[in-house]
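Colleague: Sequence below, structure please.
(one chain, ligands or ions: 1)
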Amino acid sequence: MLNFSPSCERNKDVILAQLSKLLKAGDRVLEIGSLSGQHALHFCAQRAEITWQCSDIEENIASLAQNITDYGSENCLAPIALTLGQPWHYQESYDVVFTANTLHIVSPILVESFFRQVSPLIKPDGLMLIYGPFKYQGQFTSPSNGEFELWLKDRDSQSGIRDFEWIAELAQQQGFELVSDINMPANNQLLVWRKK
Ligand SMILES: C[S@@+](CC[C@H](N)C(=O)[O-])C[C@H]1O[C@@H](n2cnc3c(N)ncnc32)[C@H](O)[C@@H]1O
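Modeller: Next comes the predicted model:
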C-alpha cells in the first residue's frame, strides 16, 4: 500500500460503522484528500451498493490510482485530481462528500475554499461529512490534541486544529445544517452536515 497511514488503519472501522448508518444504497460519495485511499478501499469492500470517488492533489493521483488498482473493488472509481483553491472543471453531483484529516492540514484560506468548492457538488438533502480533531470555544478536546497542534504548526504554520464554531459558520454560509457531531476515538469528531 503506497502512502500507508497507520492512524487511518486504526480508525477505518469506527468511521465505516458511522458511515454505514448515514449512507444508503445507491449513494455516490466524493472524498476530498484521499491520499492512500484506505478509507475508500475499506468502505467499498464492505458496501458494494455505494460508489466512491476518491480525489487528491495531482501529485498524489498516481499512487492513489495504484492502490485502487491493487486493492480496490469495482465500486471504488479511478481517482480524480481535485485541489482546493484551484478551479474544479467538474460537473458531477454527489449524495455525500467525505473528508478525513484535511481541514487541519490545509491553510485557513483553503478551508474556506473547501466549503465554497464542495457545496455546489452536493445534491439537495445530501451530506457533507468531516472527520478530524476540532477545538470548541478555543479549547482542545484533549492534551494530546494540544501537542498535535504544536507538531502541526512546527511542520507548517498554516496548519492547525480548527475551531468548530468557525467551521459551523462556513458550513451555514453554504446552506448546510448540522445533523450531528459524533465523538470518535482518539479525540476526533465526525461532523455530519445536511445541505438544505
Ligand atoms: C493528513 S492527509 C489525510 C489523508 C487521508 N484522508 C487520511 O485520513 O488519512 C491530508 C490530505 O490532504 C490533501 N491535501 C493537501 N492540500 C490539499 C489541497 N490543496 N487540495 C486537496 N487536498 C489537499 C493531501 O494530499 C492529503 O491527502
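Colleague: Can you dump the C-alpha atoms of the longest helix along the chain in CSV for me?
Modeller: Across the chain, the longest stretch assigned as helix under DSSP state H is helix 6-22. Once non-C-alpha atoms are left out, helix 6-22 reads as follows in CSV (Å, rounded to 0.1, in the frame of the first residue of the first chain):
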residue,chain,number,x,y,z
PRO,A,6,-1.2,3.7,10.5
SER,A,7,-3.7,6.1,12.0
CYS,A,8,-6.1,5.7,9.1
GLU,A,9,-5.8,1.9,9.6
ARG,A,10,-6.7,2.2,13.3
ASN,A,11,-9.7,4.5,12.7
LYS,A,12,-11.2,3.0,9.5
ASP,A,13,-13.5,0.6,11.3
VAL,A,14,-15.1,3.2,13.5
ILE,A,15,-15.5,5.5,10.6
LEU,A,16,-17.0,2.7,8.5
ALA,A,17,-19.5,2.0,11.3
GLN,A,18,-20.7,5.6,11.4
LEU,A,19,-20.8,6.0,7.6
SER,A,20,-22.8,2.7,7.3
LYS,A,21,-25.6,4.3,9.4
LEU,A,22,-25.6,7.5,7.3
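Colleague: How far away from the center of its chain is that helix?
Modeller: 12 Å (CA atoms, centre = their mean, to the nearest Å).
Colleague: Please identify the buried residues of it?
Modeller: Residues of helix 6-22 classed as buried: Cys8, Asn11, Lys12, Val14, Ile15, Gln18, Leu19, Leu22 (neighbour count, 16 or more other CB atoms under 10 Å). In this view, the C-beta of every residue, glycine as well, is placed from N, C-alpha and C.
Colleague: same check, this time on stretch 156-176
Modeller: Quick answer for stretch 156-176 (16+ other CB under 10 Å): Ser159, Gly160, Ile161, Arg162, Phe164, Ile167, Ala168, Leu170, Ala171, Gln174, Phe176.
Colleague: Now do Trp101 against the ligand, distance only.
Modeller: Trp isn't right for residue 101; it's Asn. 4 Å (CB to the nearest ligand atom, to the nearest Å).
Colleague: right, and that residue touches Phe134 too?
Modeller: No - look at Asn101 against Phe134 with CB atoms under 8 Å: they stay out of range, at 11.6 Å.
Colleague: Who has more neighbours out of these two?
Modeller: Phe134 (23 against 18; other CB atoms under 10 Å).
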